[in-house]
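Student: Sharing a model that was predicted from the sequence below.
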Amino acid sequence: MTDIKHTEIKKRIVRNSAAEFLRSYPTIPIIILMIIGFSVTTKNFLNPGTVRTMMAVNTVALIAAIGETFVLLTGGIDLSVATVISVSAVISATLMEITGANLLVGIVAAVAVGLIFGTINGILIGYGKMTPFITTMGTNLVARGIAFMMSSEGRGVKASKELIQFGFKTFLGVPLITWIGLILIVVFTILLKQTFWGRRVILTGSNRTAAKYSGINTAKTEASVYILSGLLAGIAGFISIINLGAGIPGVGDSLLLIIIAAVVLGGTSMTGGEGSVMRTLIGIILLAVLTQGLDRLHVEFYDQYIVMGILIFIGNSLTIRITSRSSKAMH
């Protein structure tokens, strides 16, 4: 009888663990089904070359989406992230061209530009109490305008051959630029889960009034996530130069939808307080698999947008269910 009870307890633990895992990462079954479906309908869907390309192409969106995750966790939104990538890339590439392909100058320039825009957003939203949607829409337009003004008639600023060659280098079969993204995933997962600042971000998003009564400086916390978003957008801008071989003013045009979609599809709530960096990684993987599969099936780009929109509805509904179940469990 004792052995039977122990077996039953173990089964319950396994079931509960599996259920909790699916609640935390609800889109994983969708990814598995898509991989199976595309593998059946297309040839060599996940061959090593394709996987490497998918990882490299989506690294820029991944890095920027980490910052967007923190913004959404506070209940805000950053619409400027994609054009900050563009302006960071253009200014960084321009300065590297002027200084004879000085890599350090390029990195510092991209990060500095991202920090400037992130700080502007942070001060206006955190301390100025301005609406995130309108504020970041404004900085979006400013960044876009500067990016095109800095480039020659909208053309890209070419990168050095050494920098382009770096984009093709791999370690353990994974592109080096993707390793940068994965390292950032680990770092910011720890910051979110294991630090007081991470807890302040989540509490600010879940219940701002309670956060204030707990002694949390919500204005400072809110400002910090926009600064972080700008910083990571700057890094993503520099990575885009490596990826594309140039600083292109329009590089962010199609990225905003992908960045926000990845965060939402991963399971981060747009109302704040629920989500994680790992969920965003899952969201990026989902979109990468979906885009690659639809491209292989020769689906037109506008039809891909329709599919992506439907997936956002599904992802948002899953997040609402997760949030409501979590709140019920707490009560």
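Tutor: Sure thing, it's come through.
Student: so Ile202 makes contact with Phe70?
Tutor: No - Ile202 is beyond contact range of Phe70, at 9.7 Å (criterion: C-beta atoms under 8 Å). Every residue, glycine included, has its C-beta placed from N, CA and C.
Student: higher neighbour count, the two?
Tutor: Ranked by neighbour count (other C-beta atoms under 10 Å), Ile202 and Phe70 place Phe70 first, with 31 against 21.
Student: Remind me which helix or strand that one belongs to.
Tutor: Applying DSSP states H and E as the criterion places Phe70 in helix 59-73.
Student: overlap in contacts of Ile202 and Phe70?
Tutor: Overlap of the contact sets of Ile202 and Phe70 (by C-beta atoms under 8 Å, 6 or more residues apart in numbering) consists of Leu192.
Student: still on that earlier bit, give the rounded mean pLDDT of the helix or strand just after the helix holding Phe70.
Tutor: Downstream of helix 59-73, the next assigned helix or strand under DSSP H and E is helix 81-98. Averaged across helix 81-98, the pLDDT comes to 92.
Student: between helix 81-98 and helix 59-73, how many degrees?
Tutor: 140 degrees (axes from the mean of the first three to the mean of the last three C-alpha atoms, to 10 degrees).
Student: Can you give me the buried ones in helix 81-98?
Tutor: 81-97 (16 or more other C-beta atoms under 10 Å).
Student: where does the stretch 51-200 of the chain have low pLDDT?
Tutor: 152-154 (pLDDT under 70).
Student: Give me the neighbour count for Thr195.
Tutor: Neighbourhood size, Thr195 [other C-beta under 10 Å]: 11.
Student: go on, Lys193?
Tutor: Neighbours of Lys193 (other C-beta under 10 Å): 13.
Student: Grab the nearest non-local neighbour of it.
Tutor: Spatial nearest neighbour of Lys193, excluding adjacent residues (C-beta to C-beta, 6 or more residues apart in numbering): Ser276 at 7.7 Å.
Student: What of Gly275?
Tutor: Excluding the flanking residues, the one nearest Gly275 by C-beta to C-beta, 6+ apart is Thr268, at 2.8 Å.
Student: Return the residues in contact with the most centrally placed residue in the chain.
Tutor: In the chain, the centroid-proximal residue (C-alpha atoms, centre = their mean) is Ala65; its distance is 1.3 Å. For Ala65, the contact set (C-beta under 8 Å, 6+ apart) comprises Ile259, Ala262, Val263, Thr280, Gly283, Ile284.
Student: Which stretches in the stretch 101-250 of the chain count as strands?
Tutor: 157-158, 170-171, 174-175, 246-247 (DSSP state E, counting those that start in this stretch).
Student: how about the ones you listed in JSON lines, adding distance to Thr135 and mean neighbour count?
Tutor: Below are these laid out as JSON lines (distance: least, C-beta to C-beta, whole Å; neighbours: other C-beta atoms under 10 Å):
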{"stretch": "strand 157-158", "distance to Thr135": "28", "mean neighbour count": "20"}
{"stretch": "strand 170-171", "distance to Thr135": "39", "mean neighbour count": "12"}
{"stretch": "strand 174-175", "distance to Thr135": "35", "mean neighbour count": "19"}
{"stretch": "strand 246-247", "distance to Thr135": "25", "mean neighbour count": "26"}
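Student: my guess is Val225 meets Thr69, correct?
Tutor: No - Val225 is beyond contact range of Thr69, at 9.1 Å (criterion: C-beta under 8 Å).
Student: on that earlier part again, buried ones among the contacts of Ala65?
Tutor: Ile259, Ala262, Val263, Thr280, Gly283, Ile284.
Student: between those, which is nearest Thr170?
Tutor: Ile284 (18.8 Å; C-beta to C-beta).
Student: Return the residues in contact with that closest one.
Tutor: Counted by C-beta under 8 Å, 6+ apart, Ile284 has contacts Asn58, Ala61, Leu62, Ala65, Ala262, Gly266.
Student: Next: Ser39.
Tutor: Ser39 sits next to Phe45, Leu46 when contact means C-beta under 8 Å, 6+ apart.
Student: Tell me how many other residues surround Glu68.
Tutor: Neighbour tally, Glu68, other C-beta under 10 Å: 29.
Student: how close does it get to Phe188?
Tutor: Relative to Phe188, Glu68 is positioned 12 Å away (C-beta to C-beta, to the nearest Å).
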